[in-house]
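S.K.: One predicted model, sequence on top.
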Amino acid sequence: MTGPEGRRPAAHTPHGAEELCAEGARLYERALREGRLAVTEAEPAPCLLDFGLLHPTIDDADLLQPAPPLLALHRLLRTTGHRIAAERQREALLVDTFEPFLRLDACHATASTVHTTTLLSGMPLINATITRAMADTRLEILCIQPHSTHIGPPPAVHTEAIARDQAFLDRGGRIRTLYQHTLRYAPTVQARYERLRGDVEARTLDEVTERLILLDRTVAFIPANKDRTLALEIRHPTLLRYFATTFDRLWHLATPMYPEAVRQPTLNGVTPRQRAIATLLVEGHTDAVIADRLGMNIRTARVHIAKLAAVLGSESRAQLGYLIARSGILDQERDPT
């Protein structure tokens, strides 16, 4: 079929009722004005039949008559409503289908994706992570620094740590550190307190726990292996409360070292160090274990054991344990202040 000028009409492009094509709009308007339209005339706009805007007349199959616009609109809206209802029903079915999977995923996320404990490997990563965490710390740093039989870090590491601590102190924070008694006069410890300025305190105990760094009581770092090349970054509230409580209790039992040092008294000729050794002797530990737990070499431990034996008049290891228990030196309380 050709148009009035002998040109073939452009092919019709499929579309929705909400975007009626120009040819369809023209022919529908004409049909409404004239009341009828020849079937051949409607061929350029098949959308009019598809959308029910035109329909065959009863008395002549070659003619089309227009549907009233209001009726056509309501019919199309009803069709759209049915489609929307079907989509909503599909959505509801999808939600019901995936609900058990969502619950499972939520439980899994709670258990595994909320990282309360992170394993850090290698000293560079450990130090960098602690440095980043300290940059966010505002109030308090609590540390436990036990004696280490391992080769200490190079001086550069100590210098970096002191600079990091001083930056924190300059922001108005406070640092509390617990050491073993054997570190009271260690050169690295002495150098630390000669350089730091601010709210800093240190105390010592015969025995302390493994190394601990607790920042604002919101994140903690502890070793994860013997040589401390692995560490755990911990943010679990229950564990943090446990660490803080442990530190507070040890702190109250400890002897002040800095800024004012307090010496524990010698009672009945027995020094504080000898009392600590006596406690471990009564528990049945060997010289090697005693030396390790008190942070001294085995030769020094044996010298202290010999002096303790001399004070108590012991002639043998077995007799020494008996005399310690009988002497009552382990019942004597120390004043931690």
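M.R.: Perfect, thanks for sending it. Residues are numbered from 1 along each chain as shown.

S.K.: The stretch 201-337 of the chain: helices as residue ranges?
M.R.: 237-253, 272-282, 287-294, 298-312, 317-327 (DSSP state H, counting those that start in this stretch).

S.K.: Tell me which of the ones you listed sits most buried.
M.R.: helix 272-282 (a mean of 20; mean count of other CB atoms under 10 Å). In short, each C-beta sits where N, CA and C put it, glycine included.

S.K.: could you dump that one to CSV, C-alpha only?
M.R.: Below are the C-alpha coordinates for helix 272-282, written out as CSV (Å, rounded to 0.1, in the frame of the first residue of the first chain):
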residue,chain,number,x,y,z
PRO,A,272,61.2,-9.2,98.1
ARG,A,273,63.0,-11.1,95.4
GLN,A,274,63.7,-14.0,97.7
ARG,A,275,60.1,-14.1,98.8
ALA,A,276,59.0,-14.4,95.2
ILE,A,277,61.5,-17.2,94.7
ALA,A,278,60.3,-18.9,97.9
THR,A,279,56.7,-18.9,96.6
LEU,A,280,57.8,-20.7,93.5
LEU,A,281,60.0,-23.1,95.4
VAL,A,282,57.1,-24.1,97.6
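
S.K.: so who does Ala17 touch?
M.R.: Ala17 is in contact with Cys47, Phe51, Leu76, counting by CB atoms under 8 Å, 6 or more residues apart in numbering.

S.K.: Quick check: mean pLDDT of the host helix or strand of Glu87?
M.R.: Glu87 belongs to helix 69-108 when assigned by DSSP states H and E. Mean pLDDT, computed over helix 69-108, is 75.

S.K.: Over to stretch 43-51?
M.R.: Summarised as a single mean, pLDDT over stretch 43-51 is 90.

S.K.: Could you give the separation between the terminal residues of it?
M.R.: Distance between the two ends of stretch 43-51: 14 Å, counting by CA to CA, to the nearest Å.

S.K.: ok, and what's touching that stretch?
M.R.: With CB under 8 Å, 6+ apart, stretch 43-51 has contacts from 1, 9, 12, 14-15, 17, 20-21, 23-24, 27-28, 31, 42, 53-55, 64, 72, 76.

S.K.: Output the helix or strand hosting Ile126 as PDB, restricted to C-alpha atoms.
M.R.: Here Ile126 sits within helix 123-135, counting by DSSP H and E. Extracted C-alpha coordinates of helix 123-135, given in PDB (Å, rounded to 0.1, in the frame of the first residue of the first chain):
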ATOM      1  CA  MET A 123      56.500  -7.000  63.000                       C
ATOM      2  CA  PRO A 124      56.100  -4.300  60.300                       C
ATOM      3  CA  LEU A 125      52.400  -4.900  60.100                       C
ATOM      4  CA  ILE A 126      52.000  -5.200  63.900                       C
ATOM      5  CA  ASN A 127      53.800  -2.000  64.500                       C
ATOM      6  CA  ALA A 128      51.900  -0.100  61.800                       C
ATOM      7  CA  THR A 129      48.500  -1.400  63.100                       C
ATOM      8  CA  ILE A 130      49.400  -0.300  66.600                       C
ATOM      9  CA  THR A 131      50.500   3.100  65.400                       C
ATOM     10  CA  ARG A 132      47.200   3.600  63.500                       C
ATOM     11  CA  ALA A 133      45.200   2.600  66.500                       C
ATOM     12  CA  MET A 134      47.200   4.900  68.800                       C
ATOM     13  CA  ALA A 135      46.500   7.800  66.500                       C
END
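
S.K.: Understood, closing this out.
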